[in-house]
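Undergrad: Sequence unavailable; structure follows:
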């Protein structure tokens, strides 16, 4: 028996593709509370996305210890490669 009415429709579950798109905002604590709840509900159910999140955390921890080369040409080539991988190049 429900003692209080539901507020609006139930949230739409996240799919893995959407999870991947939101992972950076999640790690930077920039998701609104409803999106964060959807994200964490998916995380609790999906082993693949749980692994992906841990890989991202590990990569970010590693990247924090990496310094870019002082050589401007090499640095720009690396940054361009990252932008191309992200599709924003």
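TA: Perfect, I can see it now. The structure displayed is predicted, hence computed values, not measured ones. Numbers count the residues shown, from 1 in each chain.

Undergrad: Quick check, central residue of the chain?
TA: Note on the chain: the residue nearest the mean C-alpha position is residue 23, at 0.9 Å, using C-alpha atoms, centre = their mean.

Undergrad: Residue 50 is in contact with that one, correct?
TA: No: at 11.3 Å, residue 23 does not count as touching residue 50 under the criterion of C-beta atoms under 8 Å. All C-beta spots, glycine's among them, are computed from the backbone N, C-alpha and C.

Undergrad: Now do the lengthiest helix in the chain: which elements does it pack against?
TA: If you go by DSSP state H, the chain has its longest helix at helix 47-63. Judged by 3 or more C-beta pairs under 8 Å, 6 or more residues apart in numbering; DSSP states H and E, helix 47-63 is in contact with helix 16-27, helix 33-45.

Undergrad: quick check: angle from the last one to helix 16-27?
TA: Between the direction of helix 33-45 and that of helix 16-27, the angle (axes from the mean of the first three to the mean of the last three C-alpha atoms, to 10 degrees) works out to 120 degrees.

Undergrad: mind listing what the residue nearest to the centre of the chain touches?
TA: By C-beta atoms under 8 Å, 6 or more residues apart in numbering, residue 23 lies in contact with 52, 53, 56.

Undergrad: okay, it: pLDDT?
TA: Looking at residue 23, its pLDDT stands at 93.

Undergrad: Equivalent analysis for residue 44, please.
TA: At residue 44, the pLDDT recorded in the model is 95.

Undergrad: Can you give me the buried ones in stretch 13-20?
TA: Residues 14, 18, 19 are the ones in stretch 13-20 that count as buried (16 or more other C-beta atoms under 10 Å).
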